[in-house]
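>>> What follows is a predicted protein model with its sequence.
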Amino acid sequence: METKTIIKDKHVCTIDQLSSVENQEVCLQGWISNKRSSKGLFFVELRDGSGFCQCVIDESIVSPEDFEQAKVLTLASSVRLVGKVEKDDRQIGGYELKVNEIETLQVVEDYPISNKEHGIEFLMEKRHLWLRSKRQWAVMRIRSRVKFIIHQFFQERGFIQTDAPIFTGNACEGTTTLFETDFYGEQAFLSQSGQLYAEATAMALGKVYTFGPTFRAEKSKTRRHLSEFWMIEPEMAFYDLDMDMDLIEEFIRYIVLDIYNNYKSELTILERDLTLFENIGTVFPRITYDEAVEILRGEKDLDGKNALKTLEDDLNSVKERKTACLADIEERETAINAGGMKKGAINFNRNKIDKLKNEIKDLEEKERNIPQWIESAKNFKHGEDFGGSDETVITRLFSTPVMVYKWPKDIKAFYMKRDEEDDNYVKGVDLLAPEGFGEIVGGAEREDNLDLLLERIKEHDLPIEDFEWYLDLRRYGSVPHAGFGLGFERIIMWLTNVSHIRETIPFPRYYGRLLP
RNA sequence: UGAUCUGUAGCUCAGUGGCAGAGCAGCCGCCUGUUAAGCGGCAGCGCAUUGGUUCGAAUCCAAUCAGAUCAGCCA
């Protein structure tokens, strides 16, 4: 096949710019993401990083050589296509390209990822290629945008971004497992929080935030954990817990609204239910830990809704749904086996059956889990921390994020300020996201009294000598201050509703995954 | 770390003691507007590994390896 170059003196543009060049001739450069054919026609779905666009290759328009070329184009092949931009409401982007010239950069053989369902293990092995698929594309675009607007939110409000070190000598929250490393012969850890450093820079700059990677060596194998993830940690001098909660609420609403207003098509690709986005204007309820416990145990109703009762109803509807799914599968299988069905219809039904089977797997898992959740919620002991299921039970009753504040001191970090009214509590707050996502923000007013802080460090059995620098912050001009931490991937997961946090970061690192 | 589940074609899976299957992807042909297009055909796997039971094992048993989900911990 002869090679040619068509890019010279052509108007090169990207798919996201098509609306501004309607009826003009342009050159698109990209990769084949799907191809369909008819007699004398090829429908090529092209992706170029900025979007997806159907390009029509018509035998009666292109040269015979180019039409031959179109025949051999396979999935992931790279091309330049010159053609006329036409409005077509049938297309997702609203436009299609009537091709009149083709330049092939590479014809790909055996691209491993097809337009089909794949298992997570396979996709993770091929993560570098999986990123090219439509859903991943949408998630990465939202990730980028959220990162940008987080900076925008804080910068607009006079916050200074300060970076915390990644190598640290002290373990700030003690219990959590840290990655150990060697720092010129000294034992060092990879940072699991930049918060203490943010407190230091807040005393220098007023309102600050950090945005950096953190590392946790927990061998967690759940859909909500990563070994390497990004965290945003604002810290504000002269803020108390109420101001902290106000800021958290404003911040979360700002992010959610921006994505809703500017990234609707990505949310559509992700099939995100938009209820969350529509409710985000409502004030986030603020309840104390004690109230949350009462709600969890079913001792207190909320707007006439009882947590345990709601769960029992959920269990019943799960059971009903499962019965319906089984009946549906049965019906479709009988219809297929009866014969006389067209091949297309058989495929359609098989596909449905596969989906129903997957749904049943999920339902069965819920069926096993919900009774345990009810049991654990009923028997929840005041003074314990909420587990994943407890958070689900609580947030199940709300359609917006919920703030839980005033926590028992024993289950929270040493640096949280004790509650003035009751020494057994601290002025911490967790923001629980609805739809079962659980905690996405953890914040607190910090202990600003030197003696009380020393006491807490001793209670937690932390090595005082490592915290001397931190204690200096209380020795020299201590002021009330507060801050919070936001798990960046957690919020992306929540916004995009992907089933696994591993899909929210380009190259996830977790127990058992170091490549690609 | 514990509990449950999974490992069969490039991919997604069916087959649960009797000669290894389907759909998709690939290749060939047909069809002028397809949206994971459709129709017909071709080719492709010896069932994670090791050992055992059996006349006979993908199927039963055991161990090992790999993975998934949930729990704990958390963001």
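Arrived safely. Numbers count the residues shown, from 1 in each chain, chains lettered A, B, ... in the order given.

>>> Ramachandran angles for the residue of chain A positioned farthest from its centre?
For chain A, the largest distance from the centre (CA atoms, centre = their mean) belongs to residue A:64, which lies 47.1 Å off. The phi/psi pair for residue A:64 (degrees, to the nearest 10) reads phi -60, psi -40.

>>> what's the pLDDT at it?
Note for residue A:64: predicted pLDDT of 86.

>>> if I pick residue A:187, what's in contact with it?
By CB atoms under 8 Å, 6 or more residues apart in numbering, the residues touching residue A:187 are A:169, A:180. Just so you know, the C-beta spots here come from the backbone N, C-alpha and C atoms, and that holds for glycine as well.

>>> which SS class is it?
strand (DSSP: H, G, I helix; E, B strand; the rest coil).

>>> Please apply the same query to the one 5 residues further on.
For residue A:192, the reduced secondary structure class is coil; criterion used: three-state DSSP.

>>> burial count for it?
Residue A:192 has 20 neighbours, counted by other CB atoms under 10 Å.

>>> shouldn't it be in contact with residue A:215?
Yes - using CB atoms under 8 Å, residue A:192 makes contact with residue A:215 at a distance of 6.1 Å.

>>> shared neighbours of the two, anything?
With CB under 8 Å, 6+ apart, residue A:192 and residue A:215 have common neighbours residue A:178.

>>> Pull the contacting residues for residue A:448.
Neighbour list for residue A:448: A:417, A:474, A:478, A:479, A:480, A:481 [criterion: CB under 8 Å, 6+ apart].

>>> ok but it is inside a strand, no?
No - counting by three-state DSSP, one finds residue A:448 to be coil, located in no strand.

>>> Tell me how far it lies from RNA strand B.
For residue A:448, the distance to RNA strand B (CB to the nearest atom of the strand, to the nearest Å) stands at 20 Å.

>>> tell me the pLDDT at that residue?
If you check residue A:448, the pLDDT there is 94.

>>> Distance of it relative to residue A:240?
Residue A:448 sits 10 Å away from residue A:240 when distances are taken as CB to CB, to the nearest Å.

>>> Mind listing the shared neighbours of those two?
residue A:480.

>>> Any buried residues in the longest strand along chain A, and which?
As assigned by DSSP state E, the longest strand anywhere in chain A is strand A:25-38. Going by neighbour count (16 or more other CB atoms under 10 Å), the buried part of strand A:25-38 is A:26, A:27, A:28, A:29, A:30, A:31, A:32, A:33, A:35.

>>> didn't the fifth one look like it was pressed against residue A:51?
Which is residue A:30. No - the pair residue A:30 / residue A:51 is not scored as a contact, 9.3 Å apart, by CB under 8 Å.

>>> for residue A:151, helix, strand, or coil?
Strictly by three-state DSSP, residue A:151 counts as helix.

>>> Show me what the least confident helix or strand in chain A by mean pLDDT packs onto, helices and strands only.
When each helix and strand of chain A is scored by mean pLDDT, DSSP states H and E, helix A:343-378 comes last, with a mean of 75. Here helix A:343-378 touches helix A:289-297, helix A:307-337, helix A:388-395, going by 3 or more CB pairs under 8 Å, 6 or more residues apart in numbering; DSSP states H and E.

>>> Report the inter-axis angle for that helix versus helix A:388-395.
With axes from the mean of the first three to the mean of the last three CA atoms, to 10 degrees applied, the angle from helix A:343-378 to helix A:388-395 works out at 90 degrees.

>>> Specify the angle between helix A:343-378 and helix A:307-337 in degrees.
On the basis of the same axes, to 10 degrees, helix A:343-378 is oriented at 160 degrees to helix A:307-337.

>>> Report the distance from helix A:343-378 to the chain centre.
Relative to the centre of its chain, helix A:343-378 is centred 23 Å away, using CA atoms, centre = their mean, to the nearest Å.

>>> now stretch A:141-160
For stretch A:141-160, the distance to the chain centre is 16 Å (CA atoms, centre = their mean).

>>> hmm, it touching RNA strand B?
No - Stretch A:141-160 stays clear of RNA strand B (CB under 7 Å from any atom of the strand), getting no nearer than 13.7 Å.

>>> For that stretch, give me every contacting residue.
With contacts defined as CB under 8 Å, 6+ apart, stretch A:141-160 is touched by A:161, A:201, A:205-209, A:211, A:232, A:234, A:251, A:254-255, A:258-259, A:262-263, A:266-267, A:488, A:491-492, A:495-496, A:504-505.

>>> still on that earlier bit, go through the contacts of residue A:448 and name the one nearest residue A:271.
Distances from residue A:271 to the contacts of residue A:448, taken as CB to CB, are shortest for residue A:481 (41.8 Å).

>>> That closest one reaches residue A:447, doesn't it?
No - here residue A:481 does not reach residue A:447: they are 10.0 Å apart, not a contact under CB under 8 Å.

>>> Enumerate every residue touching the closest residue to RNA strand B within the stretch 101-250 of chain A.
Using CB to the nearest atom of the strand, residue A:119 is the residue of the stretch 101-250 of chain A that sits closest to RNA strand B, at 2.8 Å. With contact set as CB under 8 Å, 6+ apart, residue A:119 has no partners.

>>> For it, give me the pLDDT.
Note on residue A:119: pLDDT of 79.

>>> ok, the residue lying closest to residue A:378 once chain neighbours are set aside - how many residues close by?
Using CB to CB, 6 or more residues apart in numbering and skipping the chain neighbours, the partner closest in space to residue A:378 is residue A:297 (6.1 Å). Residue A:297 has 18 neighbours, counted by other CB under 10 Å.

>>> how close does residue A:297 sit to residue A:304?
Using CB to CB, residue A:297 is found at 17 Å from residue A:304.

>>> Repeat that for residue A:418.
From residue A:418 to residue A:304 the distance is 35 Å (CB to CB).

>>> Between these two, which is the more surrounded one?
More neighbours surround residue A:418 than the other of residue A:418 and residue A:304, with 19 against 6 (other CB under 10 Å).

>>> hang on, isn't that one packed against residue A:427?
Yes - counting by CB under 8 Å, residue A:427 is a contact partner of residue A:418 at 7.4 Å.

>>> From residue A:463, how far out is residue A:139?
41 Å.

>>> where's the residue nearest to residue A:450 when sequence neighbours are not counted relative to residue A:417, distance?
Of all residues not flanking residue A:450 in the chain, residue A:474 sits nearest, at 4.1 Å (CB to CB, 6+ apart). The gap separating residue A:474 from residue A:417 is 11 Å, by CB to CB.

>>> Settle it for me: which of those two has more neighbours?
Legend: neighbour count by other CB under 10 Å for residue A:474 and residue A:417, higher for residue A:417 (23 against 20).

>>> Next one: that one from RNA strand B, what distance?
For residue A:417, the distance to RNA strand B (CB to the nearest atom of the strand) stands at 16 Å.

>>> again, but for residue A:404
Relative to RNA strand B, residue A:404 is positioned 12 Å away (CB to the nearest atom of the strand).

>>> Go ahead and report the secondary structure state at that residue.
strand.

>>> Just list the residues touching it, thanks.
A:287, A:288, A:289, A:292, A:386, A:394, A:429, A:430, A:432.
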